[in-house]
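> could you look at this predicted model? Sequence included:
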Amino acid sequence: MQRGWQANEPISAWASHLVVGHTLPDAQHRPRLFVEFNRATGDQNPRDGVHGAFDPLFPGSHDKFGTADQFTWTNIVHARSGIQYKVREGLTLAVAYNSFWLANRHDGIYSGGKVTIASNGSQGTHIGQEADIQAQWNPGRYTLVDLAFGHIFPGEFLRNTGHGSAYNCLFLGVTQRF
């Protein structure tokens with residue numbers, strides 16, 4: 001829940017995150033199935049004097065809404081399912097499938113805390129779907145290498161707002177702990 005004031009407007013926003021997973025009893029590969037559901041409010045009317053869009057405060061988080069990293073936790077309904085599989089010690093593969101909708105058809109898509117594609121309320125609510133594949137490798141105690149590929153299939157909203165091209169994202173991240 002977010003309550004308070006922003007630029008002389010009362011804030012009335014909320015978000016939820018639900019995930020359920022099950023690791024199968026295969027001790028060597030530890031396959032894990034999961035489903036996830038996320039929802040965050042949008043602003044019903046930017047001119048009504050009430051700020052209704054949930055503000056994630058730190059919107060730049062990798063792989064919270066697919067590995068293509070195109071969406072944030074504002075005005076979104078997100079469903080995800082997938083499986084993780086430990087190939088060997090230090091190497092895990094994962095695949096996931098995501099689906100995205102606008103939580104409020106009168107608001108738009110947010111990225112980095114700002115509306116990137118506005119809606120007039122008539123373009124539909126289904127943003128699209130995303131397929132992801134990801135590999136995580138621990139070559140040593142203090143290093144993590146993350147390689148991911150995400151493909152966004154545009155939905156009704158993206159097509160109707162003139163953003164109907166598919167999108168691919170290849171991600172390589174290296175984390176070094178000291």
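Arrived safely.

> of all residues in the protein, which one is nearest the centre?
Central residue of the chain (Cα atoms, centre = their mean): F65, 1.2 Å from the mean position.

> residue contacts, that one?
Contacts for F65 (Cβ atoms under 8 Å, 6 or more residues apart in numbering) come out as 38, 71-73, 76, 78, 98, 100. The C-beta positions use only the backbone N, C-alpha and C, and glycine is treated the same way.

> just the residues you listed: which are in strands?
Those of those mapping onto strands are 38, 76, 78, 98, 100, per DSSP state E.

> ranges for the helices of this protein?
156-160 (DSSP state H).

> now do the longest strand anywhere in it: which elements does it pack against?
As assigned by DSSP E, the longest strand anywhere in the chain is strand 126-140. Where contact means 3 or more Cβ pairs under 8 Å, 6 or more residues apart in numbering; DSSP states H and E, strand 126-140 is packed against strand 91-102, strand 143-154, helix 156-160.

> avg pLDDT for the second one?
I take that to be strand 143-154. Across strand 143-154, pLDDT averages out at 97.

> buried residues in that strand, which are they?
145-146, 148, 150-152, 154 (16 or more other Cβ atoms under 10 Å).

> please apply the same query to the shortest one.
Within helix 156-160, the residues that qualify as buried are 157-158, 160, counting by 16+ other Cβ under 10 Å.

> name the nearest of the residues you listed relative to Q123.
Proximity to Q123 was ranked across the buried residues of helix 156-160 by Cβ to Cβ; first place goes to N160, at 3.7 Å.

> great, nothing more from me.
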